[in-house]
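Peer 1: Okay, here's the prediction I keep looking at, along with the sequence it came from:
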Amino acid sequence: MTWAQLLEQWPLVEADLHEIYGVDVGAPGLLQARSWRWLRVRILGLLSSDSRIQRLLNPPPPPAKPKIGRT
């Protein structure tokens, strides 16, 4: 996954930043006042937490099919 592909999912990233870190990226001047590193660290943190973006990129495996035993 590239940064471009990740940022194509910006609505999920934005919602996760707000939910996980309490960061409202829509707040006037917030992103201009912060460095790219600041944002990068938080986005990478979303990938290691239970977040929308993490679930999109790493979906859980499908449930195992039950084994049918002989009687």
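Peer 2: Yep, that arrived. Numbering: from 1, shown residues only.

Peer 1: chain center to the worst-scoring helix or strand of the chain on mean pLDDT, what's the gap?
Peer 2: Within the chain, no helix or strand scores below helix 3-7, which has a mean of 90 by mean pLDDT, DSSP states H and E. Distance of helix 3-7 from its chain centroid, counting by C-alpha atoms, centre = their mean, to the nearest Å, is 11 Å.

Peer 1: what do you get for stretch 47-61?
Peer 2: Per C-alpha atoms, centre = their mean, the centroid offset for stretch 47-61 relative to its chain is 6 Å.

Peer 1: Equivalent analysis for stretch 49-63, please.
Peer 2: The answer for stretch 49-63 is 9 Å, by C-alpha atoms, centre = their mean.

Peer 1: same question, stretch 17-36
Peer 2: Going by C-alpha atoms, centre = their mean, where stretch 17-36 is centred and where its chain is centred differ by 15 Å.

Peer 1: Which helix or strand lies directly C-terminal to the least confident helix or strand of the chain?
Peer 2: Moving toward the C-terminus from helix 3-7, the next helix or strand (DSSP states H and E) is helix 10-21.

Peer 1: Perfect, that will be all.
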